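Q: Can you look at this prediction? I've put the sequence above it.
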Amino acid sequence: MYEERGLENPAIVVDTNHANSGKKYLEQIRIAKDIINSRNLNPDIKNIVKGLMIESYIEDGCQKVDGGVYGKSITDPCLGWEKTERLLLDLADML
């Protein structure tokens, strides 16, 4: 669709959580790596995919507002800091 519109600088940022992961926050790791792998294999994907949106916070998962765990999301489930750091290092190695 972007090609049909003749956009000069088309760009996509892929949300690795929400609908793409079925709100299973740990799936973000696989999805992010799959996207980078696809970019490496396909020049069209490489040209259009400019970034990833990864849900991340201090602690893994989520909690209710009154959960009382410092650094744990009260909205969407997130990757914790350690998993996020590892993922970013792995993705950098893949580029």
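A: It's in.
Q: count of residues packed around residue 15?
A: 14 (other CB atoms under 10 Å). From N, CA and C alone the C-beta is placed, and that goes for glycine too.
Q: ok, it - contacts?
A: Each residue near residue 15 by CB atoms under 8 Å, 6 or more residues apart in numbering is listed here: residue 53.
Q: Residue 64 should be in a strand, yeah?
A: No: counting by DSSP: H, G, I helix; E, B strand; the rest coil, residue 64 is not part of a strand but coil.
Q: so it sits right up against residue 74, yeah?
A: Yes: the pair residue 64 / residue 74 is scored as a contact, 7.0 Å apart, by CB atoms under 8 Å.
Q: Who are the contact partners of residue 10?
A: Per CB under 8 Å, 6+ apart, neighbours of residue 10: 2-3, 47-48.
Q: now do 10 Å
A: By CB atoms under 10 Å, 6 or more residues apart in numbering, the contact set of residue 10 is 1-3, 47-50.
Q: Likewise for residue 60?
A: Going by CB under 10 Å, 6+ apart, residue 60 touches 25-26, 71-73, 77-84.
Q: among these, which ones are buried?
A: Buried members of the contacts of residue 60, counted by 16 or more other CB atoms under 10 Å: 25, 72-73, 77-80, 83-84.
Q: if we can go back for a sec, mind picking the two most distant members of the contacts of residue 60?
A: For the contacts of residue 60, the farthest-apart pair by CB to CB is 26 and 71; their separation is 17.4 Å.
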